[in-house]
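Trainee: let's see this in three dimensions:
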Amino acid sequence: MHQGKASRNKLASNVAETEIRRRRLIQTCFAASLGLFAALFFARNSAFFIMLIGFIALLTTSLMALYRYSSSCNYLFLGTVSSILFALCATGAGVFDLAMLGLPVVIIFSAMLGNKRLFLSVLSLVSIQCFVLAWLELEGIVEPNTPVLTWSHVSFIFIIFSVTGFSVYVLVQDIRKLIESLVIENAKAEESKQQIQHLALHDPLTNLPNRVLGERLLVSMLNEHQASPNKLAMLFIDLDNFKPINDALGHAAGDDFLKKISQTIDQNLQKDQCLIRFGGDEFIVLAPNMSDKKEVDTLSKQIIRLCSTEYSINDARVVVSASIGIACAPDDGLTFKQLCRKADVAMYEAKRKGRNRFEYYNSKLDEHSDRVFSLLQKLRPAILNNKLEVYFQPLIDLHSDTICSMEALVRWPQEDGAMIFPDQFIPVAESSGLINKLGAFVLEEACRFCAHQHSIGNDKLTVAVNLSFSQFRDNSLPGIVESVLKKTGLAANFLELELTESILADEQGNISTQLEQLKKLGVQFAIDDFGTGYSNLNYLRSFNAGKLKIDKIFITTLGIDEKHEMLVSAIINMAKSLDMKVVAEGVEGDAAKTKLIELGCDIGQGYLWSKPIPESQFNELLKVERQANDLHLTFDESPAT
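Mentor: Numbers count the residues shown, from 1 in each chain. Okay, the predicted model is just below:
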């Protein structure tokens, strides 16, 4: 495509150049014809006839160029003029004739009207004519006729100078226009070069320096402050929850948001600090000459505050947060790549610890990254090959002391008999995109096992499955749940999905829409780990969950810490007012169980009854409980003795 465009441009240039030459030929022909016509009034004898023939020939050439121009017109014109001058010299004073003054004009014309070939041809012709003329005189073939100076000769000189001057003027004008054009084109080329250089070093969306220019700026800053004891801080910024803006409002709105937030940050930086767009929703701040950690802390807090500002995008109010990783030169490295990698590692640590915060790089984070990478290499094939297992932990009705439900918990057994627990591999699955497949596996296994229990008589047993925030990202969760329920044959009201408060509190994404779709399927909901998150009553009031699970950190000290006892009592009373059943997690002793019953808690879960166990052991647990209930029933129905 580029070659075709270049060919078209070259063709257009050739056409324009040919048109200019055609106009110059017509102009010079008319000028020369006019000069010959004027000379006819002063010419006598043979000179008159030579000029008359030349006048007619030039006029004919002009008409040819006017209506049908070709390169032959140039040859005809220049050949005619040089022949006229040669004839005038041969019949006049020879090489000393006034007509010799016209030969340089012919050479000038050839330079104006033609290419290199025409110029060399005319130069050769004129040189040969001069040589022949001199030879004719030297051999005595032509007798020079030196005329007596008259006003006619002065007129001839004036005519020759006029035609020559006109030709030179036209040529100079063309050269001047060419130079002006070259100056303009050079200015445009320089401007284009600067634009290309700017685009090569700046982000086209935000006009901020890109990573290429960022690397140069870092080197410049380090060199400038080389003798200073202060440090240069690199802040790696990643915007949290940016993707929902693109999903909900469109990529144009997302681009508009990135421009606004980058302008806000950039305008609030110091003169020697620089904001760089690293890519996507990631930015870098280079802050040289930082005297201590407090300065870096202050800058990081300011950026987090700026990112958390409410922005108006397409009549919508948009709020995000920022996770920041910090690396410092020279302690963490002296190159852009080194600092970027370490600041990026620190940024992911900030995300892992809850987002909307900043973390400094330290060597332990690299060790953690290596462990995570190693774990990911093993986790992916383990999930794809169904090497993980689902364990079940019973939930106990505190009033009847019987199993009323069970929670499905994933475990990863190893070949050597060891066990990798969810707190180690679930974050890896979330960050790597494996969480959807893992979540679907746990959901299907849980529903299958619960449906099996119904088929053997435990038809009131429900199963609870935890949901991760990441499972809502691609809007596929409602479809997965519906598909699993159909596949396993479990009625929707026996499936309970456990949600954390942070999931309910998310207002940027489309989680609420997906939860409404799940509600329509008929599944039940429980609020998990209550007391450790936002604990906003508005979420509980607007969301119709059936259970509220108190986090184990409040239960393990029950009976020991009076503050926790008061808090647990308040949570239970609040849940009762919202017509919710209360589940206490982490019950490990009889004292805690007794206190929970006193406070009005409905359900208990913990090691007091059972740790999470495989299907086979859970079957045995249910079997033992059923036998105990049958024995108790038989004892109650036996006649009194």
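Trainee: alpha carbons of stretch 231-241, as CSV, please.
Mentor: Listed next in CSV are the C-alpha coordinates belonging to stretch 231-241 (Å, rounded to 0.1, in the frame of the first residue of the first chain):
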residue,chain,number,x,y,z
LYS,A,231,16.9,8.9,47.1
LEU,A,232,14.7,8.6,44.0
ALA,A,233,11.4,6.9,44.6
MET,A,234,9.5,5.1,41.9
LEU,A,235,5.8,4.7,42.6
PHE,A,236,4.0,2.1,40.5
ILE,A,237,0.3,2.9,40.4
ASP,A,238,-2.4,0.4,39.4
LEU,A,239,-6.1,1.6,39.4
ASP,A,240,-8.4,-0.8,41.2
ASN,A,241,-11.7,-1.7,39.6
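Trainee: I'd like the average pLDDT over that stretch.
Mentor: Taken as a whole, stretch 231-241 has a mean pLDDT of 91.
Trainee: mind listing what's buried along that stretch?
Mentor: 231-241 (16 or more other C-beta atoms under 10 Å). No exception for glycine: its C-beta is placed from N, CA and C like everyone else's.
Trainee: report the distance from it to the chain centre.
Mentor: Remark: stretch 231-241 is offset 17 Å from the chain centroid, using C-alpha atoms, centre = their mean, to the nearest Å.
Trainee: again with stretch 420-439
Mentor: Computed by C-alpha atoms, centre = their mean, the separation of stretch 420-439 from the middle of its chain amounts to 27 Å.
Trainee: would you mark the buried spots in it?
Mentor: Judged by neighbour count using 16+ other C-beta under 10 Å, the buried positions of stretch 420-439 are 420, 422, 425-430, 432, 434-436, 438-439.
Trainee: filter those down to just the ones in strands.
Mentor: Among the buried residues of stretch 420-439, the residues falling in strands (DSSP state E) are residue 420.
Trainee: can you show me the strands along the stretch 151-300 of the chain?
Mentor: With DSSP state E, counting those that start in this stretch as the criterion, the stretch 151-300 of the chain has strands at 231-240, 274-279, 282-290.
Trainee: domains of the chain?
Mentor: 2-180, 211-364, 377-633 (automatic domain parsing).
Trainee: coming back round to it: check the buried residues of stretch 420-439 for the minimum pLDDT and say which it is.
Mentor: Comparing the buried residues of stretch 420-439 by pLDDT, residue 432 comes last, at 78.
Trainee: from residue 380, how far off is it?
Mentor: Distance, residue 432 to residue 380, by C-beta to C-beta, to the nearest Å: 7 Å.
Trainee: do the same with residue 493
Mentor: Residue 493 sits 35 Å away from residue 380, going by C-beta to C-beta.
Trainee: with neighbour numbers in mind, choose between the two.
Mentor: Using other C-beta atoms under 10 Å as the criterion, residue 493 and residue 380 rank with residue 380 on top: 16 against 12.
Trainee: buried stuff in whichever strand or helix holds that one?
Mentor: Element membership for residue 380, per DSSP states H and E: helix 363-384. Neighbour counts over helix 363-384 (16+ other C-beta under 10 Å) mark 365, 372, 375, 379-380, 382-383 as buried.
Trainee: out of the residues you listed, flag the one nearest to residue 54.
Mentor: Comparing the buried residues of helix 363-384 against residue 54 with C-beta to C-beta picks out residue 380 as the nearest, at 93.3 Å.
Trainee: so that closest one makes contact with residue 435?
Mentor: No: in this structure, residue 380 is not within contact of residue 435 by C-beta atoms under 8 Å, at 12.0 Å.
Trainee: hang on, the earlier thing: how about CSV for the buried residues of helix 363-384, with distance to residue 274 and pLDDT added?
Mentor: Listed next are those as CSV, based on distance: C-beta to C-beta, whole Å; pLDDT from 0 to 100:
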residue, distance to residue 274, pLDDT
365, 25, 79
372, 31, 77
375, 36, 83
379, 39, 86
380, 39, 88
382, 44, 87
383, 42, 86
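Trainee: of those, closest to residue 465?
Mentor: residue 383 (16.4 Å).
Trainee: distance of the closest one from residue 498?
Mentor: Where residue 498 is concerned, residue 383 sits at a distance of 21 Å (C-beta to C-beta).
Trainee: kindly report the same for residue 299.
Mentor: 39 Å.
Trainee: pretty sure residue 410 sits in a strand.
Mentor: Yes: assigned with DSSP: H, G, I helix; E, B strand; the rest coil, residue 410 falls within a strand.
Trainee: quick check: longest helix of the chain.
Mentor: Counting residues, the longest helix found in the chain (DSSP state H) is helix 151-201.
Trainee: same question for that one, mean pLDDT?
Mentor: Helix 151-201 carries an average pLDDT of 77.
Trainee: who are the contact partners of the residue lying closest to residue 420 once chain neighbours are set aside?
Mentor: Using C-beta to C-beta, 6 or more residues apart in numbering and skipping the chain neighbours, the partner closest in space to residue 420 is residue 412 (4.1 Å). Residue 412 makes contact with 379, 382, 387-389, 419-421, 425 under the criterion C-beta atoms under 8 Å, 6 or more residues apart in numbering.
Trainee: other SSEs contacting the helix or strand residue 341 falls within?
Mentor: Per DSSP H and E, residue 341 falls inside helix 336-352. Judged by 3 or more C-beta pairs under 8 Å, 6 or more residues apart in numbering; DSSP states H and E, helix 336-352 is in contact with helix 211-224, strand 231-240, strand 321-329, strand 358-360, helix 363-384.
Trainee: centre of the chain versus the third one, how much separation?
Mentor: If I follow you right, that is strand 321-329. Relative to the chain's own centre, strand 321-329 is displaced by 20 Å; criterion: C-alpha atoms, centre = their mean.
Trainee: and the angle from it to strand 282-290?
Mentor: Interaxial angle, strand 321-329 versus strand 282-290 (axes from the mean of the first three to the mean of the last three C-alpha atoms, to 10 degrees): 40 degrees.
Trainee: paired strands for strand 321-329, with orientation please.
Mentor: Applying DSSP bridges, strand 321-329 is found paired with strand 231-240 (antiparallel), strand 358-360 (parallel).
Trainee: got these as TSV, with distance to residue 103 columns?
Mentor: Below are the strands paired with strand 321-329 laid out as TSV (distance: least, C-beta to C-beta, whole Å):
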stretch	distance to residue 103
strand 231-240	75
strand 358-360	86
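Trainee: those strands: which one's closest to residue 572?
Mentor: It is, among the strands paired with strand 321-329 and with distance given as C-beta to C-beta, strand 231-240, at 33.7 Å.
Trainee: so that closest one versus strand 274-279, what angle?
Mentor: Using the same axes, to 10 degrees, strand 231-240 lies at 40 degrees relative to strand 274-279.
Trainee: strand 231-240 vs helix 336-352, what angle?
Mentor: 50 degrees.
Trainee: and strand 231-240 with helix 211-224, angle?
Mentor: Orientation check (the same axes, to 10 degrees): strand 231-240 against helix 211-224 gives 160 degrees.
Trainee: use 67 as the first number from now on
Mentor: Renumbered: residue one is now 67, and that last one reads strand 297-306.
Trainee: all helices of the stretch 567-707 of the chain, in order?
Mentor: 567-571, 577-587, 603-608, 618-621, 628-643, 656-665, 681-703 (DSSP state H, counting those that start in this stretch).
Trainee: roughly how far does the residue most central in space within the chain sit from residue 321?
Mentor: Centroid check for the chain by C-alpha atoms, centre = their mean gives residue 346 as the closest residue, at 4.5 Å. Distance of residue 346 to residue 321, given as C-beta to C-beta: 11 Å.
Trainee: pLDDT weak spots in the stretch 517-666 of the chain?
Mentor: For the stretch 517-666 of the chain, residues meeting the criterion pLDDT under 70 lie at 567-568, 570-575, 597-609, 625-629.
Trainee: so which elements touch the host helix or strand of residue 149?
Mentor: Using DSSP H and E, residue 149 falls within helix 137-157. Counting by 3+ C-beta pairs under 8 Å, 6+ apart, the packing neighbours recorded for helix 137-157 are helix 68-105, helix 111-133, helix 169-179, helix 182-204.
Trainee: just name the most buried of those.
Mentor: helix 169-179 (a mean of 21; mean count of other C-beta atoms under 10 Å).
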